[in-house]
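Trainee: My questions are about this predicted structure, shown below with the sequence.
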Amino acid sequence: MKQIKSFFRYDNIGLLYALPAFLYMLFFVGYPIVSNLILSLQNVTVRNLVRGSRDFIGFDNYIKLMHDPVFLRAMFNTLLFTVSCLVVQFVIGFALALLFQKDFSFARPVRGLLMIPWMIPMTVTALIFKFMFSTDVGIINYFLKSAGLITENIQWLTSPSTAMAAVITANIWIGIPFNTILISTGLTTIPLELYESAAIDGANGRQKFFKITIPLMRTTIESLLVLGFIYTFKVYDMVYVMTGGGPVNSTHLLSTYSYKLSFEMFQYSLGSSAANVLLVILLLVGVVYLKITMKGEME
């Protein structure tokens, strides 16, 4: 009884407030992860999902995935998709953030309008770009033809050589506002006196950027890139709506291929194994993000 009373002391009241969130995470996050991990170590298909024996086969599913050319292609596509989006989003986002630091008319309204791509649901954006990249009625082909750059319509979403570029373009458009806002927030923390002192010493704009802006923005840039990697690496709905992983598996990511294995091919154990590969990679990146955050707080 004394132990129960001691637990309800004022010092432990924070644990009671955190208990509902802990139980929620345990049930809706912890249990699915553990269940998915167990499923990946078994041989579960549509035939023995409800009834029948689930044989424990260890890491055979992971070994099978490593010899699956579609899985290897999905892994490569995921890395290509993530790195391409991160680089372009960061460069354009940084340029727009520097632009909006200038004092000019309509800066605030334009900055607010820039958030529209981020606020629109992903599936809606995917449908918009799917129509834009349509072969016959798409506005992309219309403008390219009007400018005299092409003579025949490009099959953006039905050709393996151009489908990935179209998907990457759509995701870049979504991620630019996120980069712009975070970089703009980081720029506001740099004292203006540093730029004024540098100008007095004869520093030009390029020197100010590389000697003041970039070093003082290092923690923000690192956090932004890690967060962007996590958000981009697990993209699913946009790719599924635009291409469904096709044509000829050319746009399959780890997320879409895991879905295909589980809910289209009904190879549940293989699908869970692919999902676990995605989870492990994101966990490693998450650890890096936590280290960067803790390092930034200490500094």
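Mentor: That came in fine, so what should we check first?

Trainee: So what's the residue count around residue 243?
Mentor: 23 (other C-beta atoms under 10 Å). C-betas here are computed from N, CA, C, even on glycine.

Trainee: tell me the contacts of the closest residue to it other than its chain neighbours?
Mentor: When the adjacent residues along the chain are set aside, residue 243 lies closest to residue 251, with 4.5 Å between them (C-beta to C-beta, 6 or more residues apart in numbering). Going by C-beta atoms under 8 Å, 6 or more residues apart in numbering, residue 251 touches 77, 163-164, 167, 239, 242-243, 245.

Trainee: okay, who's weakest in the residues you listed by pLDDT?
Mentor: Lowest in pLDDT among those is residue 245, which has 89.

Trainee: Phi and psi next, for that residue.
Mentor: Per-residue torsions, residue 245: phi 90, psi -10 (degrees, to the nearest 10).

Trainee: Poorly predicted segments of the protein, please.
Mentor: Within the chain, the stretches falling below the threshold (pLDDT under 70) are 1-12, 52, 296-299.

Trainee: let's go with 50 and repeat that
Mentor: Counting by pLDDT under 50, the chain shows no low-confidence range.

Trainee: Which stretches in the stretch 1-150 of the chain count as helices?
Mentor: Secondary structure of the stretch 1-150 of the chain, counting by DSSP state H, counting those that start in this stretch: helices at 2-7, 13-25, 31-40, 60-66, 69-100, 107-113, 116-119, 122-132, 139-146.

Trainee: and the residue nearest to residue 243, helix, strand or coil?
Mentor: Following DSSP: H, G, I helix; E, B strand; the rest coil, residue 251 is assigned to coil.

Trainee: Distance-wise, check it relative to residue 155.
Mentor: Relative to residue 155, residue 251 is positioned 13 Å away (C-beta to C-beta, to the nearest Å).

Trainee: What lies in contact with the helix or strand hosting residue 193?
Mentor: Element membership for residue 193 (DSSP states H and E) is helix 192-200. Contacts made with helix 192-200 from outside it, assessed by C-beta under 8 Å, 6+ apart, are listed as 207-208, 211-212, 216.
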